[in-house]
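[1] no sequence for this one, just the structure:
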């Protein structure tokens, strides 16, 4: 695993969306934190969906990867059992696939996670440790419709 910061869907969508209330915060994170951000394919899928729902082209999400600002650094197949266990542990939340992959990626890497999702304050590593979060002081919980 490389040094850096993990990236959740919310900050990526905010960075790309001119009208998002967290846009300024997200732009600051993209300009001050070590790039590339590391993430997983489910985050990219969620971001493409949300960006398109906001009337923008999902190509903008893919262009962050092409430019090197975001890198996919997770393969689900070898981690599927761990991801499934996390989703089962937090099914009362419920935990999305993207969240479960990010928790596993955080466990594997020890890197902080840039997020708007308050659910990550609930999630713990398998050893019971809270995640190291980079979040704006007043944020909304991100939940896909």
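    Thanks, I have the structure now. These numbers were taken from a predicted model, which means no experiment stands behind them.

[2] Please, where are all the helices along this protein?
    Using DSSP state H, the helices of the chain run over 9-16, 23-32, 41-53, 59-66, 76-89, 97-109.

[3] which parts of the second one are buried?
    The reference is to helix 23-32. By neighbour count with 16 or more other CB atoms under 10 Å, helix 23-32 contains the buried residues 23, 25-26, 29-30. For glycine as for every other residue, the C-beta is placed from the backbone atoms N, C-alpha and C.

[4] and what of the last one?
    The neighbour-count criterion (16+ other CB under 10 Å) identifies 97-107, 109 as the buried residues of helix 97-109.

[5] try the longest one
    If you call a residue buried by 16+ other CB under 10 Å, then helix 76-89 has these buried ones: 79, 82-83, 86-87.

[6] tell me what that helix is packed against?
    If you count contacts as 3 or more CB pairs under 8 Å, 6 or more residues apart in numbering; DSSP states H and E, helix 76-89 packs onto helix 97-109.

[7] what angle separates the helix it packs on from helix 9-16?
    Relative orientation of helix 97-109 versus helix 9-16 (axes from the mean of the first three to the mean of the last three CA atoms, to 10 degrees): 100 degrees.

[8] Check which helices and strands helix 97-109 is in contact with.
    Counting contacts by 3+ CB pairs under 8 Å, 6+ apart, helix 97-109 is packed against strand 5-7, strand 37-39, helix 41-53, helix 76-89.

[9] Pipe the ones you listed into JSON lines and attach mean pLDDT and distance to residue 67 per row.
    Putting the helices and strands packed on helix 97-109 into JSON lines (pLDDT from 0 to 100; distance: least, CB to CB, whole Å) gives the following:
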{"stretch": "strand 5-7", "mean pLDDT": "97", "distance to residue 67": "14"}
{"stretch": "strand 37-39", "mean pLDDT": "97", "distance to residue 67": "11"}
{"stretch": "helix 41-53", "mean pLDDT": "97", "distance to residue 67": "14"}
{"stretch": "helix 76-89", "mean pLDDT": "96", "distance to residue 67": "24"}
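
[10] And for the closest residue to residue 38 other than its chain neighbours, the neighbour number?
    Of all residues not flanking residue 38 in the chain, residue 73 sits nearest, at 4.1 Å (CB to CB, 6 or more residues apart in numbering). A count of nearby residues for residue 73, using other CB atoms under 10 Å, gives 19.
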